[in-house]
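>>> Structure for the following, please:
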Amino acid sequence: MAERKPIESWLTDMDGVLMHEGIPVPGADSFIKRLKESGRPFLVLTNNSMYTPRDLHARLARIGLDVPTENIWTSALATAQFLDDQRPGGTAYVIGEAGLTTALHDIGYVLSDADPDYVVLGETRTYSFEALTRAIRLINDGARFIATNPDETGPSAEGALPATGSVAALITKATGAHPYFVGKPNPLMMRAGLNAIGAHSETSAMIGDRMDTDVRAGMEAGLETFLVLTGLTRPDEIERYPFRASSVVNSIADLVERV
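So this is what the prediction gives:
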């Protein structure tokens, strides 16, 4: 393999890398502190579209991780940027929470169920039958179908919860229309994030806990990739994938000295 250039900017997943079930992973605070002291560009990424960067900043601060709002990049922000690039000043029917609706308002989108340009599906804890029915009818009438991410389930203290990918599958079954997923593993989310911080793929790294989303997206965007073993992908699963991470480490603590 060709030798990579030194890492000058970092992207890291949030759940499973910096925190796990609401508890910070040992070394996460040191990693964030070192990043801020170094002055290197960095982003904390999440496929969850429910929360605004300000919400996530507060949630991370409560567990001792001080991540500035401008260093948080969500699938909702990536989706909003994608729509702004594709069809500026458009309209959308949205199923989602404040993280998604705020991002769309901020780019000047009008949220409407009257002949919208797009149906945009995101994460919510209250998917309603009425909203899904409206989305299906709008897509049948010609609205383009966008989803923030393809994650099929999300974690909770009680067990798995249906997430955007599962609900998107329901809508696809009813309409025959497949959504364009903006979030990981789509490398578009990585590239948009890199552009947001003025970074370049050949000198950037992605840290994640999932081979199927984090490592794949980083690899396809041309980044160096680090898999940590504090999240979803188990050591015995790594060799099942037809692609590899650049490096596998036990946790984020092993990367503090790399910054």
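
>>> so residue 198 touches residue 43, yeah?
No - Residue 198 is not in contact with residue 43 according to CB atoms under 8 Å; the separation is 11.2 Å. All C-beta spots, glycine's among them, are computed from the backbone N, C-alpha and C.

>>> With neighbour numbers in mind, choose between the two.
More neighbours surround residue 43 than the other of residue 198 and residue 43, with 22 against 8 (other CB atoms under 10 Å).

>>> wait, doesn't that one sit right on residue 197?
Yes - taking CB under 8 Å as the definition, residue 43 is a contact partner of residue 197 at 6.0 Å.

>>> any shared contact partners between the two?
Common neighbours of residue 43 and residue 197 (criterion: CB atoms under 8 Å, 6 or more residues apart in numbering): residue 71.

>>> Name all residues that make contact with the closest residue in space to residue 169 that isn't next to it in sequence.
The shortest distance from residue 169 to any non-neighbouring residue, by CB to CB, 6 or more residues apart in numbering, is to residue 152 (7.7 Å). Contacts for residue 152 (CB under 8 Å, 6+ apart) come out as 162-163, 165-166, 169.

>>> Check residue 243 too.
Residue 243 neighbours (CB under 8 Å, 6+ apart): 211, 215-216, 219.

>>> ok, the residues you listed vs residue 31, which is closest?
Checking the contacts of residue 243 against residue 31 with CB to CB, the nearest one is residue 215 at 18.1 Å.

>>> Low-confidence ranges, the stretch 101-250 of the chain, go.
For the stretch 101-250 of the chain, the stretches with pLDDT under 70 are 155, 157.

>>> The same query, at a cut-off of 50, please.
Across the stretch 101-250 of the chain, nothing is flagged by pLDDT under 50.

>>> Pull up the gap between the residue positioned nearest the centre of the chain and residue 113, please.
Among the residues of the chain, the one closest to the centroid is residue 47, at 2.5 Å (CA atoms, centre = their mean). In this view, residue 47 and residue 113 are 26 Å apart by CB to CB, to the nearest Å.

>>> next one: residue 206
37 Å.

>>> Which of the two has more residues huddled nearby?
residue 206 (31 against 16).

>>> that's a helix at the more buried one, yeah?
No - going by DSSP: H, G, I helix; E, B strand; the rest coil, the assignment for residue 206 is strand, not a helix.

>>> Without its sequence neighbours, what residue ends up closest to it?
According to CB to CB, 6+ apart, the nearest residue to residue 206 is residue 218 (3.1 Å).

>>> what does residue 14 give?
residue 46 (4.6 Å).

>>> name the helices or strands packed onto the host helix or strand of residue 138?
Here residue 138 is covered by helix 129-140, with elements defined by DSSP states H and E. Under the contact criterion of 3 or more CB pairs under 8 Å, 6 or more residues apart in numbering; DSSP states H and E, helix 129-140 touches strand 91-95, strand 118-121, helix 164-175.
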